[in-house]
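Undergrad: Okay, sequence plus prediction incoming.
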2 protein chains.
Amino acid sequence: MGGDFAPANEIAGAVEALRQAKNEFEVILVGKERDIRAELGKHETEGLAISVVNADDVITMDDSPTASVKQKRNSSLAVGIQLHKEGKAEAFASVGNTGAALSASTLILGRIKGVSRPTIATFFPSERGVGVLVDAGTNVDCRAQHLYEFAVMGSIYANRVLRYENPTVGLLNVGEEKTKGTVAVSEAHKLLESSSLNFIGNIEGRDILKGKAQVMVCDGFVGNVILKFGESVPSFLKAKLREYASGGLFRKLLIGAAQGSLRAALKDMDYEQYGGVPVLGVNGVSVVGHGSSSPKAIKNMILKAVEVAKTQLNTHIEQAIAEAAKAAPSDTSS
Amino acid sequence: MGGDFAPANEIAGAVEALRQAKNEFEVILVGKERDIRAELGKHETEGLAISVVNADDVITMDDSPTASVKQKRNSSLAVGIQLHKEGKAEAFASVGNTGAALSASTLILGRIKGVSRPTIATFFPSERGVGVLVDAGTNVDCRAQHLYEFAVMGSIYANRVLRYENPTVGLLNVGEEKTKGTVAVSEAHKLLESSSLNFIGNIEGRDILKGKAQVMVCDGFVGNVILKFGESVPSFLKAKLREYASGGLFRKLLIGAAQGSLRAALKDMDYEQYGGVPVLGVNGVSVVGHGSSSPKAIKNMILKAVEVAKTQLNTHIEQAIAEAAKAAPSDTSS
């Protein structure tokens, strides 16, 4: 219920996901039952495995993440995650307040053993395929140990879900030398260097779209700024093209002819195809999407949640974190 | 001498600058005199106001900024800034090791009274014109007071050099609410709010290219990552277009037609037109350019240095910093 177009886009996306996957899973829609049933009535749902669970509260984009989860115990977010916790659902997916989704996932599902801070990863397009960037904006202030754990979790995700063999890990920094950056980042460099991860060293802002590393590690402040900056590039280019086109009919014609290729070039920068991003480090599968997700983005998010649920991601994360704790020198800065 | 193509591009740029400005200023070339004279011989310099001052050392991109400035006292960087310090030049411009240029400028020229940390600003294109982002990568770890002073200096620059009337100032953060972000950033929000700057509140990554604020404030870690990310967007798009074009002849033709418009759209993302970025907070005019600057970029950097020298920027910065210190509550976190 927390999305900008709830419950319309959520329901349209769920219906599409079930059709595309030929009912190989079930969808439980959680939220204001009356609204949901009314919206479902607009779709052809005969034969689709959809059920509804009522939840009267809604956590909005303006709610404080932690407070709202504690106060609105009957929110669609809390009730949905609780269903997953109780084993009545094998995965949870939501769009809307990302901070609240992380808080509720952490509070209700609990942290994976050994994980200091659950996090949310995001995807970046690159010249060499999709990369995972973690943290995408949830932990703005990070110590070296947190960054190190993000690297471990991001690697497991890249390996298990994106199927990258021994994924490369880069630490986002202001230069290549290992002493660069803040204390936390240069300490994290040491931890990563002596780990069993496929650490390729520091990467810089220019390396993200180049695809220099398959897993990119940074704190949530940097991750959030870079993610939102990246998302704004297509509309900036469109504005500049409009400006150019206003210079005459011939230019307009050229741009008309160019649109298909431009759309193709920008396609990889469109978050819709990625659908949702994973909460990492909690005992469960929780996938989060953009508040303004289209039905297509929601369909992709649901399919992604199903895919993650099949991978036993968390068992692998727990093992990797335990091994990392054994192998690496302890982080003195934490 | 510190640029990737020194001294060829530096000299070609200086010659072009003098021609374009019809000799309204003089250029002193500082570096290995023999190399410079040999390179000058390749140009038609009759009647151009060019002189040469010898300096035998070179600070390279790999040198440590602070150490190299202290050890290589006869570097082109140190000798050039010293000429400015002694009043033999009214401005200094260089390309190459940006950290060393900041260090040498700070060490030799000294800080403006009241400025805690000199900084380097950079320019960002936007849908509404060019914006100033400060810090561009020099101070990776900042307290609230530093961010506040960056805002003051960036505002004066935007007003005096870019000629923005009462420029808008935004604090780069992970959300709009004033409590968002790290402790330093939320403290800086308080300082900015009670200042006399035209503070519009927090801005997010997506607001940079939108041009929501004319002056954007962040620490050097975030600034560096976002700057380098932005610079990499054009080559990413070109790679994606090549990928698309490889799909057939018709696509190739379409892309041929699209190239002019794309080039126009990306033009504003090309650092060459900005030429150089200013060191702010030192007692002098020091402008820094990309190590790989073309002659055109160097020409623009020299013209910018001349322009800044005419504005009495530093007198205005000193006044503004003094007023800010009087007006604002002191920063408890520093």
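TA: Ah, there it is. The model shown is predicted, which means the values in this text are computed figures rather than measured ones. Numbers count the residues shown, from 1 in each chain, chains lettered A, B, ... in the order given.
Undergrad: could you give me the average pLDDT of stretch A:47-67?
TA: The average pLDDT for stretch A:47-67 rounds to 91.
Undergrad: oh, I was asking about stretch A:180-197
TA: In this model, stretch A:180-197 carries a mean pLDDT of 96.
Undergrad: May I have the distance across stretch A:34-52, first residue to last?
TA: Using C-alpha to C-alpha, to the nearest Å, the end-to-end distance of stretch A:34-52 comes out at 10 Å.
Undergrad: Next, the buried residues of it.
TA: The neighbour-count check on stretch A:34-52 (16 or more other C-beta atoms under 10 Å in any protein chain shown) flags A:36, A:39-40, A:48, A:50, A:52 as buried. For every residue, glycine as well, the C-beta is placed using N, CA and C.
Undergrad: What is the nearest of the residues you listed to B:N23?
TA: Checking those against B:N23 with C-beta to C-beta, the nearest one is A:E39 at 73.5 Å.
Undergrad: Please confirm that the closest one is located within a helix.
TA: Yes - counting by DSSP: H, G, I helix; E, B strand; the rest coil, A:E39 is located in a helix.
Undergrad: That one and chain B, how far apart?
TA: Counting by C-beta to the nearest C-beta, to the nearest Å, the separation of A:E39 from chain B is 30 Å.
Undergrad: Go through stretch A:139-153 and flag the buried ones.
TA: Neighbour count says stretch A:139-153 has A:139-140, A:142-153 buried, by 16+ other C-beta under 10 Å.
Undergrad: for stretch A:101-109, same thing?
TA: A:101-106, A:108-109.
Undergrad: right, and the helix or strand after the least confident helix or strand in chain A by mean pLDDT?
TA: Across the helices and strands of chain A, mean confidence by mean pLDDT, DSSP states H and E is lowest for helix A:249-267: a mean of 73. Moving toward the C-terminus from helix A:249-267, the first helix or strand encountered (DSSP states H and E) is strand A:277-280.
Undergrad: Past that following strand, which element shows up next along the chain?
TA: Per DSSP H and E, strand A:277-280 leads on to strand A:286-289 as the next helix or strand towards the C-terminus.
Undergrad: Give me the residues contacting the helix or strand following that following strand.
TA: For strand A:286-289, the succeeding helix or strand toward the C-terminus, using DSSP H and E, is helix A:295-310. Helix A:295-310 is contacted from outside by A:9-10, A:12-14, A:16-17, A:20-21, A:24-25, A:27, A:90-93, A:95, A:161, A:271-276, A:278, A:285, A:287, A:289-290, A:293, using C-beta atoms under 8 Å, 6 or more residues apart in numbering or on different chains.
Undergrad: Keep only the residues you listed that also lie close to chain B.
TA: With the criterion set as C-beta under 8 Å from any C-beta of the partner chain, no member of the contacts of helix A:295-310 is near chain B.
Undergrad: neighbours of the closest residue to A:L48 other than its chain neighbours, just the number please.
TA: Spatially, and ignoring its direct neighbours in sequence, A:L48 is nearest to A:L18 (4.7 Å; C-beta to C-beta, 6 or more residues apart in numbering or on different chains). A:L18 sits with 21 neighbouring residues when counted by other C-beta atoms under 10 Å in any protein chain shown.
Undergrad: in what helix or strand does A:L18 lie?
TA: Assigning secondary structure by DSSP H and E places A:L18 in helix A:8-20.
Undergrad: Might you calculate how far that helix sits from the centre of the chain?
TA: Distance, stretch centre to chain centre, for helix A:8-20: 19 Å (C-alpha atoms, centre = their mean, to the nearest Å).
Undergrad: Next, the buried residues of that helix.
TA: For helix A:8-20, the neighbour count (16+ other C-beta under 10 Å) marks A:9-18 as buried.
Undergrad: so where is chain A shaky, pLDDT-wise?
TA: A:257-258, A:328-334 (pLDDT under 70).
Undergrad: so where do the strands sit in chain A?
TA: Here chain A has its strands, by DSSP state E, at A:27-31, A:50-54, A:92-95, A:119-124, A:131-134, A:168-172, A:198-203, A:215-217, A:277-280, A:286-289.
Undergrad: Those strands into a markdown table, with extra columns for distance to B:Y244?
TA: Shown next, in a markdown table, are the strands of chain A (distance: least, C-beta to C-beta, whole Å):
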| stretch | distance to B:Y244 |
| --- | --- |
| strand A:27-31 | 35 |
| strand A:50-54 | 38 |
| strand A:92-95 | 30 |
| strand A:119-124 | 19 |
| strand A:131-134 | 20 |
| strand A:168-172 | 26 |
| strand A:198-203 | 26 |
| strand A:215-217 | 25 |
| strand A:277-280 | 26 |
| strand A:286-289 | 27 |
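Undergrad: which of these sits most buried?
TA: The highest average neighbour count among the strands of chain A, using mean count of other C-beta atoms under 10 Å in any protein chain shown, belongs to strand A:215-217 at a mean of 31.
Undergrad: Can you give the strand pairings for it, parallel or anti for each?
TA: According to DSSP bridges, strand A:215-217 has the following sheet partners: strand A:131-134 (parallel), strand A:168-172 (parallel).
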